[in-house]
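Engineer: Would you be able to build a 3D model of this:
(chains A and B)
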2 protein chains.
Amino acid sequence: MNGAGNLMDFLDEPFPDVGTYEDFHTIDWLREKSRDTDRHRKITSKSKESIWELIKSLLDAWSGWVVMLLIGLLSGTLAGVIDLAVDWMTDLKEGVCLSAFWYSHEQCCWTSNETTFDDRDKCPQWQKWAELMTGHAEGAGAYVLNYFLYILWALLFSFLAVSLVRVFAPYACGSGIPEIKTILSGFIIRGYLGKWTLLIKTVTLVLAVSSGLSLGKEGPLVHVACCCGNLFCSLFSKYSKNEGKRREVLSAAAAAGVSVAFGAPIGGVLFSLEEVSYYFPLKTLWRSFFAALVAAFTLRSINPFGNSRLVLFYVEYHTPWYMAELVPFILLGVFGGLWGTLFIRANIAWCRRRKTTQLGKYPVLEVIAVTGITAVLAYPNPYTRRSTSELISELFNDCGALESSQLCDYINNPNMSRPVDDIPDRPAGPGVYNALWQLALALVFKIVITIFTFGMKVTRNLLCLAACDLTASSCRVQIPSGLFIPSMAVGAIAGRIVGIAVEQMAYHHHDWIIFKNWCRPGADCVTPGLYAMVGAAACLGGVTRMTVSLVVIMFELTGGLEYIVPLMAAAVTSKWVADAFGKEGIYESHIQLNGYPYLDVRDEFTHRTLATDVMRPRRSEPPLAVLTQDTTTVEDVETLIKDTDYNGFPVVVSRESERLIGFVQRRDLTLAIKNARQKQDGVVSSSVVYFTEDAPQLPASNPQPLKLRRILNLSPFTVTDHTPMETVVDIFRKLGLRQCLVTRSGRLLGIITKKDVLRHMAQMMNQDPESIMFN
Amino acid sequence: MNGAGNLMDFLDEPFPDVGTYEDFHTIDWLREKSRDTDRHRKITSKSKESIWELIKSLLDAWSGWVVMLLIGLLSGTLAGVIDLAVDWMTDLKEGVCLSAFWYSHEQCCWTSNETTFDDRDKCPQWQKWAELMTGHAEGAGAYVLNYFLYILWALLFSFLAVSLVRVFAPYACGSGIPEIKTILSGFIIRGYLGKWTLLIKTVTLVLAVSSGLSLGKEGPLVHVACCCGNLFCSLFSKYSKNEGKRREVLSAAAAAGVSVAFGAPIGGVLFSLEEVSYYFPLKTLWRSFFAALVAAFTLRSINPFGNSRLVLFYVEYHTPWYMAELVPFILLGVFGGLWGTLFIRANIAWCRRRKTTQLGKYPVLEVIAVTGITAVLAYPNPYTRRSTSELISELFNDCGALESSQLCDYINNPNMSRPVDDIPDRPAGPGVYNALWQLALALVFKIVITIFTFGMKVTRNLLCLAACDLTASSCRVQIPSGLFIPSMAVGAIAGRIVGIAVEQMAYHHHDWIIFKNWCRPGADCVTPGLYAMVGAAACLGGVTRMTVSLVVIMFELTGGLEYIVPLMAAAVTSKWVADAFGKEGIYESHIQLNGYPYLDVRDEFTHRTLATDVMRPRRSEPPLAVLTQDTTTVEDVETLIKDTDYNGFPVVVSRESERLIGFVQRRDLTLAIKNARQKQDGVVSSSVVYFTEDAPQLPASNPQPLKLRRILNLSPFTVTDHTPMETVVDIFRKLGLRQCLVTRSGRLLGIITKKDVLRHMAQMMNQDPESIMFN
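Structural biologist: Residues are numbered from 1 along each chain as shown, chains lettered A, B, ... in the order given. Coordinates of the predicted model:
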């Protein structure tokens, strides 16, 4: 009896690590939720005991908002620092500020007093490298020297980036969004959101963007923000000890990341909702909203763009759009859809090629080579030499009267006497035609180089880590890279070209029937910048398949609220066209390529299979490994654990009746037996394991029984063997299950795990079921 | 054998009405979804047979988008017509256009050539009633006559509205949003979205708004759009025959409704997502987006506001906001939260009072009385006489140089020589102080009258229809009414008052430490219109508890993208303050008041009860009514159906083993037996009902068996008796179940229905469980 008393005490204490998960495994959402409710109940009942407990319970209730505040502050600050550093380092490739070397070109000339309004890009303090080293600012020699140094800096930056990632934090590579989607859906990848990843990703992101590679910082900023979220989770046991709650924080952090990437807080929340998150209750919506707000506000206080606006590419157009313009907008949507399809197909094909051939063996060399080629080809063309954000900004802009850009070299009407912001359509000058050629070349260059740049990105690391070789660093060297900005650049170039074409057509043929109604001579009817904006939205939509969040991001990005309809038309068209060629966006494609266990809410399962077709064991397989409630010995259990690699075992009344009692996790069972053998006297291999409520009184000669009801899940999820798989998939998706037991008229027949579901879905879609690697 | 052959044929045909639901019952989402997949599979497999079937399958695939297009077109058109009619009828209360009586005041004067820019409100064609009837435009007599006619028109409009609703479509009353929320969560209310409701609601909405009552047209427009959605569902059997698919269309229609109500397509989608919808897959998100786009575009083409903008209250502010202004913004948020609490509490208390006392017995008189009081009190004050939208529009506006409003009567600096859009802060003139008094009175008036106006709104109809008296028209007479615009008006008035106060304080005390940094003399630092906008958002947020959708609606409504942070700060504060006094928004309160079966996703269930505590039968009750798979006779079934009112019965192997086979719906059982008795020879009362796969061969002397496996649901949802109720609530919510069976180690113990869950939740929250009326 004494022994039994000890036993009860022992079982009332939780064993260490019970209820945690192993790396590369899927969490059980229902279990996490119910654990959190237990914790909450405990705190609430304790809070009535003393003032101190009450304060603790209030702190607990507010800890969610505190974490959001901290995430907003840190990710806003990091984004501001990254923006400033990228500005400075991008300019460093071309020259240096003499008055203070840590100033970027713009800051250098802003602080100079000699600047005139017209020519604020030029000031004596800012010197190109050739000028500084040889004293000659012009001439072929200076050009070649500048060109050479530009390439050298680019190579240096990308080499540094790739080395840092390689040595310190392999998880810092890529955009991180596919992995974050997978983590949010309930997968565990330890270290992916760790401190080292945060630090190295921030530094290498600056280096990678500054090196001039065709990649953006927006996707990686989401990863950085999620790392911040994970960091602050560790401050509160509410979040650090519950994988479900942690994911709520991470969803909000993703929103904060997009919020600072684009200065678009609402767009960030919607992005998290539409694109990234898996479980997004209303409470998380409100918290994301708060985190995104704080992050945007922090960024605005740092004011990296120097215009005290949140928006990255502020535009102001002076004319509305017209019905007939919907035709070119929809055509841009079609272009965007085609670009999305081309990009995803080419990217995936290139990634597969790298995986299977020798190409992937020299990843550092590959990065260096791509950087070199990018720099060599980019420098001669003024539209590719500068940073991609600057390019997009110029393409979005409307040509005012004072615009000095080549794109605005229109032939002015000499007797024009209108106010500044109402300039009629004019014939294009030689500068515009020149710019059109350069833009066309830039478009081709961007399309090709972006595909190869993202080919480098593919992460083979998880596969290596999990399946083959834990230290094989050779297959996990890449640099941080985002695809938002390059995609937008492609679209903006195409859009601007179309816009200028429509504008010139309308000017020269305003008697044509389509132009007659809205484009009188001398009217300002076509805004080429708007076409660039629509094109950018279409291309981004084609690649990522966002719709609502895309439109919101676009108009938060530009302030162009009046242009929702064109943006929506282009986004929807682009989605339709791209979906016609394949349902998956770039993130889903990469998830699939890497074999992550991700149950996409968009894939509709419409096949006529039943639970009985999917469950294990199959007909030819040995019967299901089960435990009985009162006849299994410790040794039996240990043998079972050694011989199988299942994640858990159903417990039945007896092997004959097959009536299900509950389900026990492998990890919990291992830990409990280990614990009992160490701490509990009399537990030996021949001890009987009891899952029943009361162990029977045994004669003293029998070994001490082991009672394990505490680790038994008494409410395992069951479906009948006749349940259509469509319903099973729905249940797995909506409830976030890890496994589900299959019964027929009360008898246990088999088990379906998330991996089984994913493999079955892959099989039904004629894909290789073996590509699903994880459980 | 011949009989058995016939039997099989008979069972392969679906009986009419199998799988439909009764009025005031809850649907089973999983069942609807699986029915739709079956339908889809049939069409896909048929489509390979012939070209015609292929075309049909393509039409079926595109029918969703077609329905969205139609909804967008019709709801956009209706909204435009309603806007025009309200404009005209509101003006009709004051006067008439001589050149064309169907012109509103503004249209009348726009078409007149004699209008000057300054005074475009006055033109000879527009005559007030007194002027037209007596020839005198001014003087006490004319004022009294105008006053009298104003009241008379108001009474006429509201009498017409209330009579039309009473006679033709009782469901057209109220805002309809609580009912739509309930319908979208899976409840059936036949006729609530019918053609008559659509027609009458459209007409009476115009009458009610024109009568000058303190109500808006925004909520009812959501109802109108949902009626359109329901109408177009009936064109496609895909939607008309599947309650689940129908609800997807209705969710999108709700988005289109808000889109046209505010000219805010994105806000509409988010409103549908955050506030109204229950099941909102990504596919519905995209479709809602499309419907909202088409609706907004149609409305823009009709152009009822005459400014070719989508936005209702377009504002253009010329100064950014400053950090220190967050303090008054947050104070406005607190005010909004308090207003929300006051409004909800007072409204619910008044509704309960009307329900239980004599007050509710004279509903027509009540409407007439409230209209009369509103008109009498509203006319003397210029800020309440005009329509509420005009008031909000004026309060939101910044005072430019040309503004003729009393609110802009500032003392101008004579030596001011700045451009028009940069006016420094100025001291307020007498007009502003006068306006402040009138605004304060208007605020008190609006607060009081809005509470009473919405007190009329409460629908007792469903309770009457379901529980007591189907023809009791006395308890279902109200008028259509929305609360968005009145709430916004309250907030805008309060905000403008605070804004002017801050502005004057900053002007007179710019040496105070808080103003020193950002408000130099001669600078334009405070924009009172912005305060009005923030106040409106805060009050709307307090009443409805929206956050993200609210901010999006506000900036789509005003075009003020730069002011996200102030709007967010006010919205979040308002939500926190209001939530501190009670978690429920106005819609949830009305759902609760009416006892609808609505499982709110926001209510967190944290009690420690188990499925065994909630399931029926309780310990004292008779055992669960079950059918056996092969021993029940037709007579037994008929007795069971007659004696009980359960919605369905579990089928078990035998009463002894209690092993569960499946679940059969009462309605299907009734229909099947009726059908069999009519059409199938040899089925008599003593026939045995078989739910097994094969009926045994019976001797010829036995009566013909009745095989009913086809109507048996072989995959009923089960949980164990140890499942925490928290998980059960989650499962009901996420999977949209109607009922769930409870088992222990494979034996059937009991059943939990949605009603049981709701009653248990009400009990745990110390509310009356009997208030949940429906299943």
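Engineer: per-residue confidence for A:Ser687?
Structural biologist: On the pLDDT scale, A:Ser687 is placed at 86.
Engineer: One more: A:Asp600?
Structural biologist: 79.
Engineer: For A:Glu584, see how far away it is.
Structural biologist: 8 Å (Cβ to Cβ, to the nearest Å). To be clear about C-beta, it is placed using only N, CA and C from the backbone, and glycine gets the same treatment.
Engineer: Likewise for A:Ile485?
Structural biologist: In this view, A:Ile485 and A:Glu584 are 22 Å apart by Cβ to Cβ.
Engineer: Between the two, which is the more surrounded one?
Structural biologist: More crowded of A:Ile485 and A:Glu584, by other Cβ atoms under 10 Å in any protein chain shown: A:Ile485, with 27 against 19.
Engineer: for that one, what are its contacts?
Structural biologist: Neighbour list for A:Ile485: A:215-218, A:388-389, A:392 [criterion: Cβ atoms under 8 Å, 6 or more residues apart in numbering or on different chains].
Engineer: what would those residues look like in CSV with neighbour count and distance to chain B?
Structural biologist: Shown next, in CSV, are the contacts of A:Ile485 (neighbours: other Cβ atoms under 10 Å in any protein chain shown; distance: Cβ to the nearest Cβ, whole Å):
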residue, neighbour count, distance to chain B
A:Leu215, 30, 27
A:Gly216, 26, 23
A:Lys217, 23, 22
A:Glu218, 24, 19
A:Thr388, 24, 24
A:Ser389, 22, 20
A:Ile392, 26, 19
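Engineer: what would the residues you listed look like in CSV with pLDDT?
Structural biologist: Shown next, in CSV, are the contacts of A:Ile485 (pLDDT from 0 to 100):
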residue, pLDDT
A:Leu215, 84
A:Gly216, 84
A:Lys217, 84
A:Glu218, 83
A:Thr388, 87
A:Ser389, 84
A:Ile392, 89
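Engineer: give me phi/psi at A:Tyr192?
Structural biologist: In terms of degrees, to the nearest 10, the main-chain angles of A:Tyr192 are phi -60, psi -30.
Engineer: before we move on, back to that, show me the contacts of A:Ile485 that map onto strands.
Structural biologist: Using DSSP state E, no member of the contacts of A:Ile485 sits in strands.
Engineer: Determine the number of other residues adjacent to A:Val327.
Structural biologist: Residue neighbour count, defined by other Cβ under 10 Å, stands at 11 for A:Val327.
Engineer: Can you name the helix or strand that it falls in?
Structural biologist: Element membership for A:Val327, per DSSP states H and E: helix A:326-356.
Engineer: contacting residues around the closest residue to chain B within the stretch 451-600 of chain A?
Structural biologist: Closest contact between the stretch 451-600 of chain A and chain B, by Cβ to the nearest Cβ, is at A:Met568 (4.7 Å). By Cβ under 8 Å, 6+ apart, the contact set of A:Met568 is A:547, A:551, B:265, B:289-290, B:293.
Engineer: Buried among the residues you listed? Need that as a selection in PyMOL.
Structural biologist: Selection of the buried residues among the contacts of A:Met568 in PyMOL, burial being defined by 16 or more other Cβ atoms under 10 Å in any protein chain shown:
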select buried, (chain A and resi 547+551) or (chain B and resi 265+289+290+293)
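Engineer: Is it possible to get TSV of the contacts of A:Met568 that adds distance to A:Lys679, secondary structure and pLDDT?
Structural biologist: Output for those, formatted as TSV (distance: Cβ to Cβ, whole Å; DSSP: H, G, I helix; E, B strand; the rest coil; pLDDT from 0 to 100):
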residue	distance to A:Lys679	secondary structure	pLDDT
A:Thr547	57	coil	82
A:Val551	60	helix	86
B:Pro265	64	helix	86
B:Phe289	59	helix	86
B:Phe290	63	helix	88
B:Leu293	66	helix	85
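Engineer: Is chain B within reach of the helix holding A:Val327?
Structural biologist: No. Shown here: helix A:326-356 not in contact with chain B (Cβ under 8 Å from any Cβ of the partner chain), separated by at least 9.6 Å.
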